[in-house]
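>>> Quick one, what's the 3D model for this:
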Amino acid sequence: MPPKPIPKKGYELLHSVARNGDVLDDSFYYVSNKRQVIYRFDAERYLELQGENCSGLIWYHDDKNNIHTRITKRFYTAYHLPKFKYYNPGKQYIAIPTDDLSDFVFSIDGGRHFLKARVSPMAAVPGNEVDYFIGVDDSPIEAIYDSPRKNNVPISISGNTGYFILKNSDVIFGASYGYDDIDYNKGNSWLNTQTFYPLAAFTDERVRDGSKFGTYIKLMDSQAYQARVNSIKNVKPQPYQGWDRIRCEIGAEK
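Residues are numbered from 1 along each chain as shown. Purely as a prediction, here's the structure:
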């Protein structure tokens, strides 16, 4: 017989969720009600970890706009919390990377909702190769989407994007993989196309050598993409009101 969930004093009982969104009644876990602030964007916006021993679920708080969102897309441990420098001056784009770059969660609506982005193994690098991460609000990039089903379909990459700046000065671009269908008027005919949002990270050499998807290659060859990457290399995260990295101390939770 599967174990039955039993309430525990001082802990919150949470059920696991399948990929299709179904709640798994027989799969559950406990998270301590204790919390500690682990990052500050500014005086009004901050991250809080609910749990003990630097493990648990992260909350995003924006006191000025009364936004308090618990991020349930992933469970963090001390291993997952990034050790590299972390800046997020963007107001609408809020991203929290993992130290091993296996994935990251992000919001493009000011922290009201968060999605989880899986990083392609071809793009992921060890955290000790990352100099810093910066999340910014920027203008979109338009390119051509080369698909086996639909050739030469225009796409728009959301400008609310994160960038991993590596110590060797390479840039891993927080790009796209999910999309919404929209109608597009091309000449005298209407095409069904997609607007992409940042859902995966990639970098030039790794994806160019290993990816068979023409989408990324066409995007990376575009002048808009090259200009964006080159400009990000010169973006200085200072002056910045927030902390320069996530800080979590075992035993500091209250």
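
>>> only C-alpha atoms for contact and neighbour calcs from this point on.
Noted.

>>> Let me see the ranges of the helices in the protein.
Secondary structure of the chain (DSSP state H): helices at 204-210, 214-221, 223-233.

>>> Any idea which of those has the lowest pLDDT on average?
Per-stretch mean pLDDT for these is lowest at helix 204-210 (a mean of 50).

>>> Can you give the contact residues for stretch 26-40?
2-5, 10-16, 46-52, 56-57, 242-243, 245-248, 252-254 (Cα atoms under 8 Å, 6 or more residues apart in numbering).

>>> Just the buried positions in that stretch, please.
Phe28, Tyr30, Val31, Ser32, Asn33, Arg35, Gln36, Val37, Ile38, Tyr39, Arg40 (16 or more other Cα atoms under 10 Å).

>>> for stretch 49-59, same thing?
Taking 16+ other Cα under 10 Å as the criterion, stretch 49-59 shows Leu49, Gln50, Gly51, Glu52, Cys54, Ser55, Gly56, Leu57, Ile58, Trp59 as buried.

>>> Redo these as CSV? Include distance to Tyr93.
Output for the buried residues of stretch 49-59, formatted as CSV (distance: Cα to Cα, whole Å):
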residue, distance to Tyr93
Leu49, 20
Gln50, 22
Gly51, 25
Glu52, 28
Cys54, 24
Ser55, 24
Gly56, 22
Leu57, 19
Ile58, 16
Trp59, 15
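
>>> which of those sit farthest apart?
Glu52 and Trp59 (14.1 Å; Cα to Cα).

>>> how about low-confidence regions in the stretch 1-150 of the chain?
The model of the stretch 1-150 of the chain has pLDDT under 70 over residues 118-124, 140-150.

>>> So Leu57 sits against Gln50, correct?
Yes. Between Leu57 and Gln50 a contact is recorded at 5.3 Å, counting by Cα atoms under 8 Å.

>>> Quick check: the gap between Ile232 and Thr98.
20 Å (Cα to Cα, to the nearest Å).
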